[in-house]
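In: Sequence first, then the predicted structure, then my questions.
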Amino acid sequence: MVASAEIAHGRPFEILISDDDDTCRETVREALEPKGYQTHLASCGREAIALARRRLVHVVIIDMHMPDLNGLETVRIIRREISIVVPTILMSADPSDDLMRKAMTERCDSFIPKPFDLATLREVVDEILRRHYGDM
């Protein structure tokens, strides 16, 4: 388990949360900020891309179904245009086999079906941070 939400130089991990559902975004934020993570909220794919351009984010948690760009399209643009391969957690209330295959093809690190357990979400975030950035 990640012992701390801090990385080198004492800076907190920064997590981008993108979902068109206000309640879901806030719930995820409220689950992660007490652990010391800094969160950035986006209500759509375009907002998520704009935030990723301005901030160094360490993990993206993104909903698949949003009104402008879907989650996979958004992550693809972030990786291509901003040239970062950021660890990604894709969320969806429609966890079909086809969507899970697409998530794997796009190199998402995890897929979490909605509704989800907040403890599980925190564990997935911790594991991804440990895997990508090492033990803290």
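Out: Arrived safely, thanks for sending.
In: I'd like to know which helix or strand in this structure has the lowest mean pLDDT.
Out: Lowest mean confidence among the helices and strands of the chain (mean pLDDT, DSSP states H and E): helix 97-105, at a mean of 91.
In: packing partners for that helix?
Out: Taking 3 or more Cβ pairs under 8 Å, 6 or more residues apart in numbering; DSSP states H and E as contact, the helices and strands that helix 97-105 lies on are strand 110-113. Every residue, glycine included, has its C-beta placed from N, CA and C.
In: Can you point out the buried residues in whichever helix or strand comes after the strand it packs on?
Out: Of the helices and strands lying after strand 110-113 in sequence (DSSP states H and E), the nearest is helix 118-133. Of the residues in helix 118-133, 121-122, 124-126, 128-129 count as buried by neighbour count, 16 or more other Cβ atoms under 10 Å.
In: Need the mean per-residue confidence for helix 118-133.
Out: Confidence over helix 118-133, taken as the mean pLDDT, stands at 95.
In: Pull the distance from it to the chain's centre.
Out: When distances are taken as Cα atoms, centre = their mean, to the nearest Å, helix 118-133 is centred 10 Å away from the chain's centroid.
In: can you check stretch 111-119 too?
Out: A distance of 12 Å separates the C-alpha centroid of stretch 111-119 from that of its chain, computed with Cα atoms, centre = their mean.
In: Could you tell me the end-to-end distance of it?
Out: For stretch 111-119, the first-to-last residue distance is 15 Å (Cα to Cα, to the nearest Å).
In: So for it, what gets flagged as buried?
Out: 111-112, 116.
In: what do you get for stretch 101-108?
Out: Burial within stretch 101-108, assessed by neighbour count using 16+ other Cβ under 10 Å, is assigned to 102-103, 108.
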